[in-house]
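1. next input, structure requested:
(chains A and B)
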Amino acid sequence: MVIDWLPSVLITTLLVLAVVGGVRRANLWRAGQPEKVNIVAGLLALPRRYLQDLHHVVERDKYMSRSHVATAGGFVLSMILVILVHVFGVSSQLLAGALLVSLVLMFVGALFIAKRRLHPPSRLSKGPWMRLPKSLLMFSLTFFVLTLPMADILPEGTGSWLLTLVLSIGIVLSLSEMLFGMTWGGPMKHAFAGALHLAFHRRPERFGGGRSTGLKPAVLGGDVHGVAKPSDFKWNQLLGFDACVQCGKCEAMCPAFAAGQPLNPKKLIQDMVVGLAGGTDANYAGSPYPAGKGDAKVLGNAKGGIDNVITAGLIDADTLWSCTTCRACVEECPMMIEHVDAIVDMRRFLTMEKGKTPNKGAEILENIIATDNPNGYAPASRTHWAADQNLPLMKQKQTAEVLFWVSDGAFDMRSQRILRAFVALMKAANVDVAILGDEELDCGDVARRLGDDATFQQLATRNLATLGKYKFSKIVTTDPHAYHCLRNEYGDFDVDGVLSKGGSGQGVEVLHHTTFLNQLVQQGLLKLSAFKGGKVTYHDPCYLGRYNGEYEAPRALLESLGIEIAEMERSAFRSRCCGGGGGAPITDIPGERRIADMRMEDITQTGAELVAVGCQQCTAMLEGVVEPRPVVKDIAEILLGQLIEEVH
Amino acid sequence: MSQYDALFEPLNINKLTIRNRIVSTAHAEVYATDGGMTTDRYVKYYEEKAKGGCGLCICGGSSVVSIDSPQSWWSSVNLSVDRIIPHFQNLADAVHKHGGKIMIQITHMGRRSRWDGENWPNLMSPSGIREPVHRATCKTIEVEEIWRIIGDFAQAARRAKEGGLDGVELSAVHQHMIDQFWSPRVNKRTDEWGGTFEGRMKFGMEVLKAVRAEVGPDFVVGLRISGDEFHPDGLNHEDMKQIAKYFDDTGMIDYFGVVGSGCDTHNTLANVIPNMSYPPEPFLHLAAGIKTVVSVPVIHAQNIKDPNQAKRIIEGGYVDFVGMTRAHIADPHFIAKIKMDQVDQIRQCVGANYCIDRQYQGLDVLCIQNAATSREYMGLPHTIEKTTGVIRNVVVIGGGPGGMESARVAAERGHNVTLIERAEELGGQITLAAKAPQRDQIAGISRWLIMELERLGVEIRLNTAADESLVKSLSPDVCILATGGRPFLEQNPEWGAEEGLVVSTWDILSGKVEPGKNVLIYDTICEFSGMSAADYLASKGALVELVTDDIKPGVGIGGTTFPTYYRSLYEKDVIMSSDLILEKVYREGSNLVAVLENEYTGQQEERVVDQVVVENGTRPNEDLYYALKASSCNKGQIDMEALFDIKPQPVLEAEGNAASDGMILWRLGDCVSQRNTHAALYDALRLCKDL
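-> Take a look at the predicted model:
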């Protein structure tokens, strides 16, 4: 070697620069709001979260997961060995050999990554991301050649000053990407921020098979309600935004993006990064928001800063109101970023501080406040639908095995058919059931998704107080939104343990009606005949599936009728939203197409004559699609059609 | 929620929650055969309404409490014996199962009956005054009998309660015993049961007290009253308000049902069940007037047929419940259809009054346009299920009601259906019938069928005359002929139809022939067409004489319909002559001479007119049938045993997939022989429901 010390100096310099960058970046995150995180436990959990939870998501794309394992694994191993071999000069043929092997591994992985970049799908960001595979190849090649002599494969001193120069340039260029770029905002930032994001995640309970999808309660009565500026996010939320790898899996799944509404979850996260680091979106190299007011599509106009109001120049409010909160983006994100929570945090500011919930939003919220239901029906008419159902009220009964949470479908003639079907099935199975009647209030889902957390919290508190008056061991509801709120979001307000300790002290079980009905069928309490109609497909409601992981019970019920479900390409965790969640039909942000129409196309493609649903909102959205189209029925309605009535 | 929210707001009557504001009010069904028991047919008829969502059914119009109030004339329910109790339990269970409520009207009919049958009783009334509609002579009721009948009311109410029904309605309407005592027109007594207001009220009040004492405070007891008898010597609206308040003040009445008009003459009777000549809800103001003086819910029926109309009435607060009884007879599922957002699929009552006109003849109540109504027990469906068998190619020739119903039912079964009609529009004779004054609403029968055919995707070919080759070119598996008939003017060659001396009522109503100025209509049929033609011609300014050889013009039309024709014809100076046969028509100059002969004396008289219209019924159009018959696999025959038993035609099972033996050929409606709309629809439904 002509200048033996040069590589180690270059490597050390870049390492130091990386550390400096890391500290700088961490300071950006620290501009966010404090949030207590168990640093040690998080770091200890990191390998498991990475290897299990994150890999579980990445593995859905086998090509990418294998390429990434080889490349990232190869790089991490190589980097450690590079430091040992080339910086600390540990002279070991074994280490050098190991380094060569890991570099080969990385090289092969990088080749596949490079190959993908030859014809990249539109969801992938271009720009510096197009450079990354080259840097990966350069890193592995450079250090491979540099290491060959140490492994005694080539004699010491092989090469000339020319080779040294080439290798030095290789070291500088590749390490600039891999180390300097990692902490100074290059594509490799995803590894650095991503690892810390996994360790210090805002929702550690979502890892290791847990399921945490409930929104965090807004703090009421502080200086600001919700998130106005990037610095209003929790520090680890800012860190999470920085973890984005711009793979665009979210973009590919986002129903609002597909409908041409002004939302692209990837761009939204990148805009958050612009907000936290300052500057404009000029360097963003992915798909823009599909539509929007004025020149929102033109890059470079969005300006952000840590203390600038986000909706004043960085992103348009319509972007936030386009989201259906379906969590398709969250489900797809390999970096475990929580887009939806961030969107709702920002909506909270617009609604609670600015009173700027668009279109019907303000009216609906006023209705909820005045009448405890979104459409402003007379509260006393809540139980009209049940006048002929002989359903006991909790007020009379005080105690029942099952509390049937009716939800606001009570006011809607179409939804009432679902309610009645479910009641008929429960009666056939002799379920000990009662309802709250007029004591029930809207669960608060719409208020919460529209950013009015004050109203949500008030409804939750009042509903819990009502629930606390009675004894029951299960709450069953036909409405996945109410199901989600009761099961996952009321806990934050359940100071008396109505749900956590209620029932027989074991806690109240909150169930979706399909889960409950499946239990009844399994126990042989419902006698059903085989379904004789045509082809059937099943649409997974977002708040049942992605939010609560119930994919099986509805399918088991349909299968119990002898139905072979003609599955849609987008089904189960990849189900496409009907467009009805998150208050989207209320805020009604224009796009090029309607989400429900797209979903109906998915359904039609299966050739189904009947689409089974487990949500009144989905039913309403899908039935809103012009005919001819398949028939839409709740699973309870389908089951009732096949119920064999006992003759007494 | 929907625009119909007001209809679906539950309301309590006493402690009974009624799930919506729509009631099937009391009417005589004529199904309580077997000595006045609520038979299987009876139960299934009401179960269908409850299944369809009806809030409250008040069954058993004019159900009797005493053995001397005959029930067999109208097969009304007999509450004078305990044998009824288990039958009521069947009825109550069937309705309650679907969330409905059911009560029964109880009454003693007094003089409003017939004595010449059953137990041959002496009919009774407060002052022994004859009732004209039933030609009912009667005795003056004695005090002992009064008290016995009061006791009978209480016992009848007990039987209703023990049978699990939700309440009883005391009938003080339609001139039954209670309102016979009320009305000074009939009650001329001077004892404590007449004379003063309190005296006239006493019988009804004692009945109420006895019933309430028997059933206790929570069982529903309602009172159905007239809002105004429309007789100068009867009870007017102010009288009825006074009576309603008097009874309401007792606190023992849980609801009032209000009917406009008295009904002990033919003319007032027609008001009670307003036919298609009446405007919507003609007597709502009377019920609303009663509502102003009482403290309990008020129910009002009479010509409320449309959900929007019902909603408007409830939202306006005129009354608390709307009676939609004929609406339920036409479509027992109409509430379910509102809830299913299928308002366009409701088969709406057209006010043809086929139902009630049959009842007044002592015949079972049937719907002119819905053959399944009250035949649920036989297995005739209101909702046609899709077949699970072979899908057939069905060709229906003729777009009258029978053909349209055949096409509808076959299409509901899932078959491929083509309907061929010679005329430029569907409807057949209904289209003609709707041309007459005050009869336009009958077109609703066609309107619904046409909308259903469109919804079901039936291929309709208009302006297409079908012949053998056309039928064969469509290679049907099943061919149904409903080609109707044509006016039968050639029966008597002396009428000169061939020379064009006479024209048919069809020619007149269709507008094919210009109305004359001085017209003689000879009507041997005495149903709607002759009357309609007379009314039509008179309304165009013609001088009309309507002549029949029968006992009076319109004698074949029921009791709620001929009066409205008569009102219209007399007002237009139409002369109605009976007992005259049209022997001959000949031309004399520019005029026609019609020779009429008195059936009973043989004496002839002549009329000089410029137009003679003959209504002599129809002859079937059967040419196509005979052309196709030989090549059909069933030789055109319908298995009558299967048809009458509502069973599938055996040929359907024999035929299988192959049409090698030729198509199935059926014919129905007037192309077989002249009957009526209901007959054609009934055959269409029972033949095609198993297709």
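2. quick check, the residue in the stretch 451-600 of chain B closest to chain A?
-> residue B:457 (10.0 Å; C-beta to the nearest C-beta). Using the backbone N, CA and C atoms, a C-beta is placed for each residue, glycine as well.
3. and that residue, that one's in a strand?
-> No. Assessed with DSSP: H, G, I helix; E, B strand; the rest coil, residue B:457 is coil; it does not lie in a strand.
4. residue B:137: what's it in contact with?
-> Counting by C-beta atoms under 8 Å, 6 or more residues apart in numbering or on different chains, residue B:137 makes contact with B:115, B:123, B:130.
5. want to throw those into TSV with secondary structure, distance to chain A and pLDDT?
-> Converted to TSV, these look like this (DSSP: H, G, I helix; E, B strand; the rest coil; distance: C-beta to the nearest C-beta, whole Å; pLDDT from 0 to 100):
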residue	secondary structure	distance to chain A	pLDDT
B:115	coil	43	94
B:123	coil	41	97
B:130	coil	46	94
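6. now neighbour count too, for those, in CSV please.
-> As requested, the contacts of residue B:137 are exported to CSV (neighbours: other C-beta atoms under 10 Å in any protein chain shown):
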residue, neighbour count
B:115, 19
B:123, 23
B:130, 13
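7. so can I have a markdown table of these showing distance to residue B:453?
-> Converted to a markdown table, the contacts of residue B:137 look like this (distance: C-beta to C-beta, whole Å):
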| residue | distance to residue B:453 |
| --- | --- |
| B:115 | 50 |
| B:123 | 50 |
| B:130 | 51 |
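8. does the residue of chain A found nearest chain B belong to a helix, a strand or coil?
-> Using C-beta to the nearest C-beta, the closest approach of chain A to chain B is made by residue A:388 at 2.7 Å. Of the three states, residue A:388 takes coil under three-state DSSP.
9. for it, which non-adjacent residue is closest in space?
-> Leaving aside its sequence neighbours, residue A:388 sits nearest to residue B:99 (C-beta to C-beta, 6 or more residues apart in numbering or on different chains; 2.7 Å).
10. for the stretch 351-500 of chain B, what lies in contact range of chain A?
-> residue B:388 (C-beta under 8 Å from any C-beta of the partner chain).
11. just the strands in the stretch 351-500 of chain B please.
-> B:393-397, B:416-420, B:459-461, B:478-481, B:485-487 (DSSP state E, counting those that start in this stretch).
12. who touches the second one?
-> Contacts of strand B:416-420 from elsewhere in the structure, counted by C-beta under 8 Å, 6+ apart, are B:391-399, B:403-404, B:407, B:410-411, B:426, B:453, B:456, B:458-461, B:464, B:466, B:470, B:474, B:476.
13. ditto for the third one
-> Counting by C-beta under 8 Å, 6+ apart, the neighbours of strand B:459-461 from elsewhere in the structure are B:399, B:416, B:417, B:418, B:419, B:420, B:421, B:426, B:453.
14. most tightly packed of the strands of the stretch 351-500 of chain B?
-> Highest mean neighbour count of those: strand B:478-481, a mean of 29 (counted as mean count of other C-beta atoms under 10 Å in any protein chain shown).
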